[in-house]
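Colleague: just a sequence and a predicted model for now, questions to come.
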Amino acid sequence: MARNSQELERLFRMQKQIFLFSSWLLQKLDSQVYQLNEKERRILVALSNGDLAQHDRFIANAAERLRRIIEELAQVSEARAKVNSEFDQQRMMLNLMADRLARMRGEEQRAQEERDLMELLDRRYG
C-alpha cells in the first residue's frame, strides 16, 4: 500500500503543477484582455477627438488597428474560455486526488496500527 500512496502523491504533485500552470495561463490571458481593452479605449478616445476627425488617413489607420484589436480580443477571449474550462477541470481533479490521497493515507495508517497491535499482542501473549 505504501507504494500506492507514493504513486498517488507523485500524481497529486503533478496535478498541482498543471493546476498552477493553468492559473498562470489564465492570469496571462486576463492581462492580454486588459491591454487590448486599453488600446481600444485609447483609439476610440483619439477618434472621438474633434481635432483628429478631419484626418482621413489617421482615421483609416486607427480603424484598421481597432479592427485588429477586436479580432485579437475575440481570439484571446476564446482561448481564455477554453483555459478556464480546463482550469475548472484541473481544480476538480486536484480536489479528487487530494481526497483519494487522504483516504489512502488513512488506510495505510490503520493497517500499520493493526500490524503494530498484532505485533504487541504476539509479544505479550505469543
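Modeller: Looks like it arrived, so ask away.
Colleague: how about the helices in this protein?
Modeller: Under the criterion DSSP state H, the chain contains helices at 2-48, 56-125.
Colleague: could you list the low-pLDDT ranges of the protein?
Modeller: When residues are selected by pLDDT under 70, those of the chain lie in 1-3, 50-57.
Colleague: ok, 80 please
Modeller: 1-5, 43-63, 126 (pLDDT under 80).
Colleague: how many other residues sit next to Gln15?
Modeller: Using other Cβ atoms under 10 Å, Gln15 has 18 neighbouring residues. To be clear about C-beta, it is placed using only N, CA and C from the backbone, and glycine gets the same treatment.
Colleague: whoops, I mixed them up, Ser23
Modeller: 14.
Colleague: likewise Val76?
Modeller: 18.
Colleague: and Ser22, by the same measure?
Modeller: 19.
Colleague: chain neighbours aside, what residue packs nearest to it?
Modeller: Excluding its sequence neighbours, the residue lying closest to Ser22 (Cβ to Cβ, 6 or more residues apart in numbering) is Phe87, at 4.1 Å.
Colleague: with Met93 instead?
Modeller: Using Cβ to Cβ, 6+ apart, the closest residue to Met93 is Gln15 (5.8 Å).
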